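1. Any chance you can model this:
(chains A and B)
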There are 2 protein chains.
Amino acid sequence: MAADALRRLWGEMRELGLGVSGDLHRHDSAPSPLQFLRDHVSPNMPCIISPSATAHWPAIARSLWIDDDYLCNTLRSQIVSLHQTPNGRADSLVPLPKSRSESDEDRLCFATPFVQQIPFPEALRMISSPTSSPTAPVAYAQQQNDCFRGEYSALAADVEPHIPWATEAFGCFPEAINLWIGNSLSQTSFHKDHYENLYVVITGEKHFLLLPPTDLHRLYIRSYPAARYIASPESGELILELECPERQVPWCSVDPFPSSREAMLRQMASFPLYFNGPKPLECTIKAGEILYLPSMWFHHVRQTPDCNGTTIAINYWYDMQFDIKYAYFNFLQSFKVVPHHFLCDMSEKQTQADEEANEQSER
Amino acid sequence: MAADALRRLWGEMRELGLGVSGDLHRHDSAPSPLQFLRDHVSPNMPCIISPSATAHWPAIARSLWIDDDYLCNTLRSQIVSLHQTPNGRADSLVPLPKSRSESDEDRLCFATPFVQQIPFPEALRMISSPTSSPTAPVAYAQQQNDCFRGEYSALAADVEPHIPWATEAFGCFPEAINLWIGNSLSQTSFHKDHYENLYVVITGEKHFLLLPPTDLHRLYIRSYPAARYIASPESGELILELECPERQVPWCSVDPFPSSREAMLRQMASFPLYFNGPKPLECTIKAGEILYLPSMWFHHVRQTPDCNGTTIAINYWYDMQFDIKYAYFNFLQSFKVVPHHFLCDMSEKQTQADEEANEQSER
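-> Model (predicted):
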């Protein structure tokens, strides 16, 4: 059975050094470019780099970004993109909009946030001091479009424009630098990026669950209709509407932290390969630490804010190499999993449709 | 069909930069360790390095190894391992020994050479000036057991003890250095090694066919009974005998250069995935050039001697990383190909038996 081959693959990745959570390699100082390339990029293996590598960044050394006044002053007239959802779950699976018929009750859609362009000081207030109203949106300042060098360029001098040892290893400068300012409610569902990622936490903590690309079937990637939150013109309340024309988005089905015991039982019954297989790597990245998140690794992210109520992180995306690892991943991906069975492959036609959907979602 | 997934994988490897033969990357001078690691080792991609990288080696700069007198004088009292076969094909598939019944006529075995320990001058004479007798053995001085630092240590000062930029890239010294002295008749059948390989031609030329690890099914790896050549006590002629007790060796079935048109037609009918799929990379490595042959790549080697009648090469084996690429390869290997069909996987039991056979053969 292909199922056995997949299980051996997952097991072998662990035996080959991925190990258990405690084993995630920690560097006491910045690695040399050669060491980083040889021990982490080439084998596609994550690691954590101690705060000593970022201790000289003004944002950290002078605690600039812990100071709301400093941030608001520096960005006082800057309009930023604020992502808003009712529950902190953007780019995530949620039940279909209520307007749909009862029979759809259990069906999910892929919900993208309501994105508002507002002055930074107002955005920061909404993130760090949300109103207690149950209908108040959860706000997350982020935009994965190189936003740090765009909306947040006034903060450029507070961090390094690139990670020198990584830039030397990759042989290029970052393709995008993104800033993330969130609170305890924001979380990011399991997904992968086609970039090499250096993720630096500046304030607060980020909690990652990591699964190697080899484990893709354990996340049950399925197609879901795309939906987006919009602000009701009357109440301002966020409401979800399906995109029209309908668009399908392939997304990881597994929610590792469902909100109730009942939901957890449903998850465990629906996604046994995730819940019964090897545990994901689990790590917490603290202020000043860097996570090297290799390309194509699946990651789920939650956060704990600092005393100011925010978690601020910046990540450097470097172009990945589309090499033999990528070719193998695509081969692996052509094997489909259906409940309690593995199929050897789909028909040519279905595979093509999936690939197109994948390509769309990656843009 | 899994066959479609495999074909896409082979095609994708070409699209991702493997390209066609002419595209094999050539470096005009020794690459930096970082460049070598980033552009070749990490993506598992071969390259050729121009003779300028070895121009300072005495063996090359002073043409020492073109001079038979120099070699014989330096190694005059040295006993070396001389591999002998009737046809230049050692570690290769040949028809079963004649003593077997007629019904076995088409069956093949895996033949290892007759290995004789003889003084180097005699060995060199047998290689470079074989007698014209049709029963005279084809001799090949080689032993893949770090022989250059053993039997041939008297030549140590003529080359570098390691390839500095490769050693820095891999973070370790070579695990083994092997010397190869052959003539136009010696060839090496398709196989792979679990090492990173830097292959330096000193005199003559080596002709390689290369296939990436992704293409393993195209070589029809099957189990063959092991046999060895022994010298007849009466005539001295080489005769083939099956190992007893019987031992099975998994080996590539494809012979890309069969000796007759008839044999070629048989090959093409038996191994369509090889002959109808993407062509292997083809390259000739000339004196002074280095081939970087990445770990797990299948390679077939022939040679053209210099005016002295020999081709001399030295190769540096560095330990490979058993990382995600290796895990993916093993996953790929668990899918079996049978004539005109692909099977999704074998039963657990058969796979295990195959793995054991593989492990044995790799020792």
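
2. What distance do you get for A:Pro225 to A:Glu168?
-> 44 Å (CB to CB, to the nearest Å). C-beta coordinates here come from the backbone N, C-alpha and C atoms, glycine included.

3. go on, A:Leu281?
-> Distance from A:Leu281 to A:Glu168, by CB to CB: 26 Å.

4. near chain B, which residues of the stretch 201-350 of chain A show up?
-> A:212-214, A:321-332, A:334-335, A:344-345, A:348 (CB under 8 Å from any CB of the partner chain).

5. The residues you listed in helices, which ones?
-> Per DSSP state H, helices hold the following members of these: A:324-332, A:348.

6. and the residue of the stretch 151-300 of chain A nearest chain B?
-> At 5.7 Å from chain B, A:Gly171 is the closest residue in the stretch 151-300 of chain A, using CB to the nearest CB.

7. isn't that residue right up against B:Arg38?
-> Yes: with contact defined as CB atoms under 8 Å, A:Gly171 reaches B:Arg38; the gap is 5.7 Å.

8. Neighbour count: the two, which is higher?
-> Comparing A:Gly171 with B:Arg38 by other CB atoms under 10 Å in any protein chain shown, the one with more neighbours is B:Arg38, at 24 against 15.

9. and the residue nearest to A:Asp255 when sequence neighbours are not counted, how many residues sit next to it?
-> Nearest residue to A:Asp255, sequence neighbours excluded (CB to CB, 6 or more residues apart in numbering or on different chains): A:Gln267, at 5.9 Å. For A:Gln267, the neighbour count with other CB under 10 Å is 18.

10. and the one helix or strand A:Gln267 maps to, which residues are buried?
-> Assigned by DSSP states H and E, A:Gln267 belongs to helix A:261-270. Judged by neighbour count (16 or more other CB atoms under 10 Å in any protein chain shown), helix A:261-270 contains these buried residues: A:Gln267.

11. swap in stretch A:55-73?
-> So, applying 16+ other CB under 10 Å, buried residues of stretch A:55-73: A:57, A:59-60, A:64-66, A:68, A:70-72.

12. can you pull the contacts of the residue lying closest to A:Asp28 once chain neighbours are set aside?
-> In this structure, A:Asp28 finds its nearest non-sequential neighbour in A:Ser50, 5.2 Å apart by CB to CB, 6+ apart. When contacts are counted by CB atoms under 8 Å, 6 or more residues apart in numbering or on different chains, A:Ser50 touches A:26-29, A:288-289.

13. Would you mind checking those residues for buried ones?
-> A:27, A:288-289.

14. Among the residues you listed, which lie within strands?
-> A:His27 (DSSP state E).

15. Narrow the ones in helices among the residues of the stretch 201-350 of chain A next to chain B to those that are buried.
-> Here, 16+ other CB under 10 Å leaves A:324-332 buried among these.

16. what about the nearest residue to A:Pro213 once chain neighbours are set aside, neighbour count?
-> In space, and not counting its chain neighbours, A:Pro213 is closest to A:Met296: 4.1 Å by CB to CB, 6+ apart. A count of nearby residues for A:Met296, using other CB under 10 Å, gives 20.

17. helix, strand or coil for A:Met296?
-> When classified by DSSP: H, G, I helix; E, B strand; the rest coil, A:Met296 comes out as coil.

18. wait, isn't it in contact with A:Tyr328?
-> No: using CB under 8 Å, A:Met296 is not in contact with A:Tyr328, being 10.2 Å away.

19. Could you work out the end-to-end span of stretch A:268-281 for me?
-> Using CA to CA, to the nearest Å, one end of stretch A:268-281 lies 18 Å from the other.

20. roughly how far out does it sit from the chain middle?
-> Using CA atoms, centre = their mean, to the nearest Å, the mean C-alpha position of stretch A:268-281 is found 19 Å from that of the whole chain.

21. Ok, stretch A:308-317 next?
-> 12 Å.

22. Can you pull out the residues in contact with it?
-> A:65-66, A:68, A:124, A:127-129, A:148, A:159, A:162-163, A:166, A:174-184, A:193, A:195-206, A:285, A:303-305.

23. are any of those residues buried, and which?
-> A:65-66, A:68, A:124, A:127-128, A:148, A:159, A:162-163, A:166, A:174, A:176-184, A:193, A:195-206, A:285, A:303, A:305.

24. wait, what's in contact with A:Ser29?
-> A:Ser29 sits in contact with A:49-50, A:52-53, where contact means CB under 8 Å, 6+ apart.

25. buried subset of those?
-> Looks like these have A:49-50, A:53 buried, using 16+ other CB under 10 Å.

26. from those residues, which single one is nearest B:Pro95?
-> Using CB to CB, A:Ile49 is the member of the buried ones among the contacts of A:Ser29 that lies nearest B:Pro95, at 59.3 Å.

27. pLDDT weak spots in the stretch 1-150 of chain A?
-> A:1, A:18-23, A:99-105 (pLDDT under 70).

28. Up against chain B, what does it have?
-> A:1-2, A:4-6, A:8-9, A:12-13, A:16-17, A:33-35, A:37-38, A:41-45.

29. Any quick PyMOL command for the buried ones out of these?
-> Filtering the residues of the stretch 1-150 of chain A next to chain B down to the buried ones (16+ other CB under 10 Å) takes a single PyMOL command:
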select buried, chain A and resi 2+5+6+8+9+12+13+16+33+34+37+38+41+42+43+44+45
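
30. Could you say which helix or strand holds A:Thr188?
-> Going by DSSP H and E, A:Thr188 is in strand A:187-191.

31. Listing partners with orientation, what would you give for that strand?
-> strand A:89-90 (parallel), strand A:298-304 (antiparallel) (DSSP bridges).

32. Check the offset of stretch A:283-293 from the chain's centre.
-> 14 Å.

33. Tell me which residues of that stretch come out buried.
-> A:283, A:285, A:287-293.

34. mind listing the helices in the stretch 151-300 of chain A by residue range?
-> Assigned by DSSP state H, counting those that start in this stretch, the helices in the stretch 151-300 of chain A fall at A:164-170, A:261-270, A:272-276.

35. Fine by me, we can end here.
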